[in-house]
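[1] From the sequence below, what's the structure:
(one chain, ligands or ions: 1)
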Amino acid sequence: MRIGLIAMSGVRVRTPELAALGVTLPQFVNRGKVIASLPSLGLLTVAALTPSEIEVVYREVQEVNGEEELERFDLVGISSFTAQIDEAYGLADRYRAAGTPVVLGGLHVSLMPGEAAEHADSIVVDGAEGAWPRLIEDFRRGELKPRYEGLRINVFKPPNYVRPRFDLLRGRPYNRLTVQTSRGCPLNCEFCAASLRITSAFQQKPVELVVSEVQAALQVTEHPFFELADDNTFLNKKWGKEFLRAIAPLDLSWFTETDISVADDDELLDLIAESGCRQILIGLESPSREGLDGIDPHNWKFQRSDRYLAAIDKIQSRGVTVNGCFILGLDNHTPEIFQQVKDFVDRSGLLEVQVTVLTPFPGTPLYERLRREGRLLGDTFWDRCTLFDVNFKPKRMSVAELERGMRWLFAEIYNETEFIKRKRHYMEIVKEQL
Ligand code: B12
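    Prediction:
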């Protein structure tokens with residue numbers, strides 16, 4: 001038996017003006033190219049859950065136009081993020097029309113199972129752990145069911161945990177690989193559409209499993225840059241220190257996403273720097289305190305916003321850059337927000353900045369609220385869930401103002417001159433500490 005696991009890949013922007021900006025702004029384009037080369041950790045996990053006597057083929061598809069030749073498989077599994085779901089459905093429909101059964105799984109399918117079921121012989125909701133082995137058994141018996149419930153908890157515990165099949169990547173030109181150390185995040189921000197949506201509680205992998213994954217990944221690619229596919233890596237500081245001490249001898253370069261509280265712990269920060277961390281991405285979300293009011297149920301970010309600048313300085317002084325993320329179009333944002341973000345970036349010394357637009361991904365509390373308030377621009381706009389395309393009516397500005405402001409801010413931030421200025425500033429902070 002031969003199973004084809006197909007990942008939809010690449011990055012996406014729909015609005016033509018933004019796509020065009022991407023072509024002309026060097027920093028933006030370079031970043032897009034770098035991150036677009038990541039493999040699908042979800043499908044490498046599905047591959048690992050497949051009994052070893054079955055041949056598994058891992059493929060990535062950048063863009064589906066409906067005309068490409070279909071490789072022959074006995075069963076096809078396709079992963080899903082929202083932005084490319086129409087392309088995934090299109091591919092699934094073609095395989096099914098050609099007589100090949102299709103299983104759909106992943107974030108979007110977990111959040112929109114009814115819709116996905118129309119394009120699949122079977123769907124897997126939530127983590128493949130706990131579902132895929134049963135599905136394969138049923139398929140072998142000719143009794144594939146239309147829906148399997150995967151695990152929302154205990155995914156990193158025996159007998160559910162498997163090490164992703166990094167070996168399937170051998171011989172391919174990846175310079176970046178992902179490893180996941182945790183799923184979920186108790187901050188539970190209203191807009192979050194990441195792994196927290198397929199977990200019932202925050203789940204953390206034991207350190208020794210993470211290390212063994214890193215070692216397996218190192219077998220297939222020389223000196224890859226590691227990106228941790230976590231929602232919030234250093235939520236548990238004790239686990240964090242143990243993890244950092246364990247990876248320090250491995251001579252890695254890596255990046256992760258976490259929250260601002262890392263700056264409260266000097267020992268943690270030292271270990272982060274010593275273990276080869278190059279950058280941490282932090283969802284600052286808004287430069288102004290008001291903008292943060294209500295975005296997470298405990299107002300956690302709101303309460304910490306006055307410590308943002310000091311925290312960024314402290315982290316960057318260790319030689320670890322902060323990628324500060326801002327969301328445009330939060331309910332308290334007026335057209336002044338664009339200049340405010342620009343001013344904050346100038347003041348903060350942030351080396352990297354990620355500006356995206358508030359996005360009501362399906363299945364999020366934000367989507368439900370905006371739908372109730374009649375503020376969604378259509379019920380389905382999945383191909384526009386790119387984090388760059390506006391899909392809702394902002395509360396305190398028009399759609400056009402939000403789009404225009406975002407374009408202005410992109411041009412202000414993502415240009416060579418500004419980047420060099422930020423780099424100089426960063427080098428000064430680092431030098432001051434030497
Ligand atoms: C790596 C990554 C990428 C890689 C993906 C590489 C690839 N080919 O898959 C790249 C850089 C290409 C990418 C691109 C984009 N990304 Co991205 N990305 C991530 C990131 C950092 C990690 C995802 C990950 O590896 N998770 C770990 C794995 C183990 O989890 P998983 O995929 O959910 O898989 C489990 C289950 O879902 C299930 N499963 C998954 N697939 C399948 C398939 C089958 C058949 C079965 C049975 C089960 C199953 O089983 C798995 C194991 O339990 C997350 C953010 C984060 N920190 O999580 C954002 C994230 C997934 N990305 C996001 C977005 C918005 C994008 C882009 C739209 C950005 C853009 N403007 O272009 C594009 C969309 C590309 C697309 N193909 O649609 C959003 C998606 C939200 C959503 N609900 O769709 C996230 C959550 C970030 C965010 N801030 O919101 N991304």
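
[2] who touches stretch 280-294?
    Residues outside stretch 280-294 that contact it (C-beta atoms under 8 Å, 6 or more residues apart in numbering): 189-190, 255-260, 262, 272, 295, 299, 301-302, 305-306, 308, 315, 320-327, 330-333, 337, 340-341, 343-344, 354. Any C-beta I mention is one placed from the backbone N, CA and C, and that applies to glycine too.

[3] Let's see which of these end up in helices.
    Judged by DSSP state H, helices contain the following of those: 272, 301-302, 308, 315, 337, 340-341, 343-344.

[4] still on that earlier bit, which of the contacts of stretch 280-294 are close to the ligand?
    Contacts with the ligand within the contacts of stretch 280-294, as defined by C-beta under 6 Å from any ligand atom: Glu257.

[5] re earlier: quick one: which of the ones in helices among the contacts of stretch 280-294 is nearest Leu41?
    Proximity of the ones in helices among the contacts of stretch 280-294 to Leu41 was ranked by C-beta to C-beta; the top entry is Ile272 with 21.8 Å.

[6] If I look at that closest one, what pLDDT would I see?
    Predicted confidence (pLDDT) for Ile272: 98.

[7] same check, this time on Val11
    At Val11, the pLDDT value in this model is 71.

[8] a strand runs through it, doesn't it?
    No: counting by DSSP: H, G, I helix; E, B strand; the rest coil, Val11 falls outside a strand, being coil.

[9] what's the burial count for it?
    By the criterion of other C-beta atoms under 10 Å, Val11 has 17 neighbours.

[10] Weed out the non-buried ones from the contacts of stretch 280-294.
    For the contacts of stretch 280-294, a neighbour count by 16 or more other C-beta atoms under 10 Å gives the buried set as 189-190, 255-260, 262, 272, 295, 301-302, 305, 308, 315, 320-327, 330-333, 337, 340-341, 344, 354.

[11] In strands, which of these fall?
    Counted as lying in strands by DSSP state E, out of these, are 255-258, 321-327, 354.

[12] which regions of this structure sit below the pLDDT cut-off?
    The chain contains residues with pLDDT under 70 at 12-36, 433-434.

[13] what about the strands in the stretch 101-250 of the chain?
    Ranges of strands within the stretch 101-250 of the chain are 102-104, 122-125, 147-149, 176-179, 182-183, 203-204, 225-228, based on DSSP state E, counting those that start in this stretch.

[14] how near is Glu118 to Lys145?
    Using C-beta to C-beta, to the nearest Å, Glu118 is found at 16 Å from Lys145.

[15] let me fix that: Val341
    Per C-beta to C-beta, Val341 is found 48 Å from Lys145.

[16] Check Leu292 too.
    Leu292 is 44 Å from Lys145, by C-beta to C-beta.

[17] cool, and Tyr89?
    Using C-beta to C-beta, one obtains 20 Å as the distance from Tyr89 to Lys145.

[18] that older thread, how about the ones in helices among the contacts of stretch 280-294, which pair is most distant?
    Using C-beta to C-beta, the ones in helices among the contacts of stretch 280-294 span at most 30.4 Å, a distance reached by Ile272 and Ile337.

[19] Output the strands of the stretch 101-250 of the chain as a markdown table; include the columns distance to the ligand and mean neighbour count.
    Below are the strands of the stretch 101-250 of the chain laid out as a markdown table (distance: least, C-beta to the nearest ligand atom, whole Å; neighbours: other C-beta atoms under 10 Å):
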| stretch | distance to the ligand | mean neighbour count |
| --- | --- | --- |
| strand 102-104 | 5 | 26 |
| strand 122-125 | 4 | 24 |
| strand 147-149 | 8 | 17 |
| strand 176-179 | 5 | 23 |
| strand 182-183 | 7 | 25 |
| strand 203-204 | 10 | 20 |
| strand 225-228 | 6 | 21 |
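
[20] For the ones you listed, give me a markdown table that also has distance to Phe73.
    Output for the strands of the stretch 101-250 of the chain, formatted as a markdown table (distance: least, C-beta to C-beta, whole Å):
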| stretch | distance to Phe73 |
| --- | --- |
| strand 102-104 | 10 |
| strand 122-125 | 14 |
| strand 147-149 | 19 |
| strand 176-179 | 24 |
| strand 182-183 | 28 |
| strand 203-204 | 31 |
| strand 225-228 | 29 |
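
[21] Please identify which of these is closest to Glu60.
    Across these, closest to Glu60 is strand 176-179 (C-beta to C-beta), at 13.4 Å.

[22] List the neighbouring strands of the closest one plus their orientation.
    With DSSP bridges as the test, strand 176-179 is paired with strand 225-228 (parallel).

[23] What are the buried residues along stretch 60-69?
    Those would be 60-61, 64, for stretch 60-69 by 16+ other C-beta under 10 Å.

[24] what's around the residue of the stretch 251-400 of the chain found nearest the ligand, how many residues?
    Taking C-beta to the nearest ligand atom, the ligand has its nearest neighbour within the stretch 251-400 of the chain at Thr386, 3.7 Å off. Residues lying near Thr386 (other C-beta under 10 Å) number 22.

[25] tell me the SS of it?
    Per three-state DSSP, Thr386 ends up coil.

[26] From what I see, Thr364 and Leu196 are in contact.
    No: the pair Thr364 / Leu196 is not scored as a contact, 9.6 Å apart, by C-beta atoms under 8 Å.

[27] Run through the residues that contact the residue of the stretch 201-350 of the chain found nearest the ligand.
    Using C-beta to the nearest ligand atom, Ala229 is the residue of the stretch 201-350 of the chain that sits closest to the ligand, at 3.6 Å. Ala229 makes contacts with 41, 178-180, 195, as judged by C-beta under 8 Å, 6+ apart.

[28] Repeat that for Ile413.
    So Ile413 contacts 341-342, 345, 353, 355 (C-beta under 8 Å, 6+ apart).

[29] Among the residues you listed, which one is most surrounded by other residues?
    Val341 (27 neighbours).

[30] For the helix ranked longest in the chain, give me every contacting residue.
    In the chain, assigned by DSSP H, the helix with the most residues is helix 416-433. Residues outside helix 416-433 that contact it (C-beta under 8 Å, 6+ apart): 26-27, 313, 316-319, 321, 345, 349-351, 412.
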